[in-house]
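Asks: sequence first, predicted coordinates after that:
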Amino acid sequence: MECKENPEIAEFYTRRIMDFMEGRREMPSVSLNSRPEGIHASDLDDNNCPLTSFYSRTLTSPPPITRDEALKFFRGRTVERVIATELDPVQIDGIWMTVDDVSEHGLAEIKSTATSCEGFFPAKDFPQWITRMKSYCYGYGKNQIHLVVYFLVGNMPSYTVWNIKDLPKGTSYSGVDLRVWTFEFTDTELKSWWLLAQDRADELSVAVQSNSPPPPDSVRERLPFRLNKKNEKVFWQCKHCKYAIDCYYYEQFILNNGNG
């Protein structure tokens, strides 16, 4: 995998925003498109618990959409609609996927985040984005894809008492930012990932059909965590999961703060 920041493509997408602001481009309506039934590429990403996909399909009375989910969806969807075009989903080997944008520059994945743009590295900070982009590249028969990241608060999180000493000299505060990284994957990398994605899709399909959660080892290896100041694992996705009350990992990873 090769990854490099791409100011030229960042300018291309910034221009799209300017075109919208200056009346030369209309934003498609912001709506929650009906997703085709079946397994989606988003169900299979690294660093993303497979139990959320399982419970969302098997609970007879799933929890309602939370306020936090609604606000985050509105944020991400609005940013995406201003920047990108609306594309129809495609199905590859039984797995559904919808890339955010295709332009004369190729495929693009659009993301928004409240993470600081200072010292940001996509592969380190959001590994699930990388596997999703691999899925899109494989599905659309491409080796290259652009990751467009809209930083909602610029580098503001870096301007805290405990971080400011580590900032490069002369760094100034920016309220928002848009940056682009271009990823290039080899055919071998894409094929290897797709074989794993198919295994995960099969596992999820069997789990849903049998109404039995995926095996613990499979779940455990994908639970996203961060290390706290005591170097302990904190499973942040578990802490905010609306399926926690039904989850067989609830006591281990939530009540015990991820260290049970």
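Replies: Thanks, I have the structure now. Residues are numbered from 1 along each chain as shown.

Asks: name the nearest residue to Asp93, ignoring sequence neighbours.
Replies: Nearest non-adjacent residue to Asp93, counting by C-beta to C-beta, 6 or more residues apart in numbering: Gln198, 6.0 Å away. Heads up, the C-betas are built off the backbone N, CA and C, glycines and all.

Asks: neighbours around that neighbour, how many?
Replies: 16 (other C-beta atoms under 10 Å).

Asks: measure the residue found closest to Thr58 once you drop the neighbours it is linked to in the chain to Lys242 for me?
Replies: Closest residue in space to Thr58, ignoring its immediate chain neighbours: Asn211 at 5.4 Å, by C-beta to C-beta, 6+ apart. Here the criterion is C-beta to C-beta, to the nearest Å. By it, Asn211 lies 19 Å from Lys242.

Asks: those two: which has the busier surroundings?
Replies: The residue with more neighbours, out of Asn211 and Lys242, is Lys242; 17 against 10, by other C-beta under 10 Å.

Asks: how near is the residue nearest the centre of the chain to Gln91?
Replies: For the chain, the residue nearest the mean C-alpha position is Trp129 (4.6 Å; C-alpha atoms, centre = their mean). According to C-beta to C-beta, Trp129 stands 21 Å off from Gln91.

Asks: mean confidence score for stretch 28-43?
Replies: The pLDDT scores in stretch 28-43 average 79.

Asks: which elements pack onto the longest helix out of those in the chain?
Replies: Determined from DSSP state H, the single longest helix within the chain is helix 187-210. Using 3 or more C-beta pairs under 8 Å, 6 or more residues apart in numbering; DSSP states H and E, the elements in contact with helix 187-210 are strand 39-40, helix 50-58, strand 95-97, helix 127-140.

Asks: what distance do you get for Pro62 to His40?
Replies: 17 Å.

Asks: looking at the two now, which is surrounded by more residues?
Replies: Ranked by neighbour count (other C-beta under 10 Å), Pro62 and His40 place His40 first, with 20 against 13.

Asks: excluding residues flanking it in the chain, which one is nearest that one?
Replies: Trp96 (4.7 Å).

Asks: could you pull up the residues touching that neighbour?
Replies: Under the criterion of C-beta atoms under 8 Å, 6 or more residues apart in numbering, the neighbours of Trp96 are Arg35, Pro36, Gly38, Ile39, His40, Ala41, Pro89, Val90.

Asks: what do you get for Leu223?
Replies: Cys49, Phe235, Gln237, Cys238, Tyr249, Phe253.

Asks: so where does it fall, helix or strand?
Replies: Leu223 belongs to no helix or strand when elements are defined using DSSP states H and E.

Asks: what's the answer for Ala123, then?
Replies: Judged by DSSP H and E, Ala123 forms part of helix 122-125.

Asks: hmm, who's touching that helix?
Replies: Met1, Cys3, Thr115, Trp129, Ile130, Leu147, Val149, Trp181.

Asks: pull out the buried positions in it.
Replies: Neighbour-count burial for helix 122-125 flags Pro122 (criterion: 16 or more other C-beta atoms under 10 Å).

Asks: what do you get for stretch 79-88?
Replies: Buried-residue list, stretch 79-88, by 16+ other C-beta under 10 Å: Val79, Glu80, Arg81, Val82, Ile83, Ala84.

Asks: am I right that the residue nearest to Asp93 is in contact with Ser135?
Replies: No: if you go by C-beta atoms under 8 Å, Gln198 and Ser135 don't touch, sitting 10.6 Å apart.

Asks: sounds good, over and out.
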